[in-house]
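Asks: Coordinates for the following, if possible.
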Amino acid sequence: MNNLLKKLENSDWKEFFLLEEKKPYFKTLIKNINIFYEKDTCYPEKKDIFNCFLFTPLSKVKVVILGQDPYFIEGMAHGLAFSVASGKSKSLTNLFKEIYNSFGFTRNNYNLTDWAENGVLLLNTILTVKKNIPLSHKNIGWENFSENLLLWLSKKKDFLVFLLLGNYAKSYQKFITNKNFKVLMFSHPSPFSYEISLKGSRCFWKINNLLNERGLKEIAW
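Replies: Residues are numbered from 1 along each chain as shown. Below you'll find the predicted structure:
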């Protein structure tokens, strides 16, 4: 874990991580994560935990898509919310339907690294999970980390578009305090809730439209 944090010292996220490293909750979090990864099978691989920051420099962030915690099935999670390293996800399949509804084309690549590299911060509010047990790393400190990150981003960035999917993600709206930020909120793309409000929302068209209004380059979804 310490080697992973050293990688971030060379990124423009350094300021945030230096702030967090000094806080007691973060020291305890890192200690616990090291213990969990030694005794359990956890996802993503330890080297991938902070991929959303490594793949998306602060200077490039235009959009933030907020997830809950990583996929808990082997081979799927790789440090980017909703993204699948290999295989498919039913939630992502539904999210791709909104790409079709927005632009009329179908995306078949479930690995969202290209989104991350083009300014979409794919952030899970809980960054790790034990194999086969969703939310197993809830309340160990990741929530504090994510809350502090959103508050920090609200001070550091002039403009961002947030996509909050599902009630869990929506609960973080209160930490998005910059009045210039735009926040879109819909139901989660899981088969159980997709039709509540996400279906037909054209959320990706709306995001690009908001970016256009600010003179920013659209995301190639």
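
Asks: so where do the strands sit in the chain?
Replies: For the chain, strands defined by DSSP state E occupy the ranges 42-43, 63-67, 120-124, 129-130, 161-165, 182-186.

Asks: right, and these - which one's nearest residue 52?
Replies: For residue 52, the closest of those is strand 120-124, at 5.2 Å, according to C-beta to C-beta. Quick note: C-beta positions are derived from backbone N, CA and C, even for glycine.

Asks: Using TSV, lay out the strands of the chain together with mean neighbour count.
Replies: What follows is the strands of the chain, written out as TSV (neighbours: other C-beta atoms under 10 Å):
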stretch	mean neighbour count
strand 42-43	24
strand 63-67	26
strand 120-124	25
strand 129-130	22
strand 161-165	23
strand 182-186	18
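
Asks: so which of the ones you listed comes closest to residue 89?
Replies: When the strands of the chain are compared by C-beta to C-beta, strand 63-67 sits nearest residue 89, at 11.0 Å.

Asks: Restrict that closest one to CA atoms and write it as CSV.
Replies: In CSV, the C-alpha atoms belonging to strand 63-67 read as follows (Å, rounded to 0.1, in the frame of the first residue of the first chain):
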residue,chain,number,x,y,z
VAL,A,63,-17.1,14.4,-15.0
VAL,A,64,-17.5,12.3,-11.8
ILE,A,65,-19.5,9.1,-11.8
LEU,A,66,-20.1,7.9,-8.3
GLY,A,67,-20.4,4.2,-7.5
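
Asks: residues in contact with it?
Replies: Residues from elsewhere that reach strand 63-67 (C-beta atoms under 8 Å, 6 or more residues apart in numbering): 81-82, 119-125, 153, 160-165, 169, 172, 207, 211, 219.

Asks: Right, I'll call it a day here.
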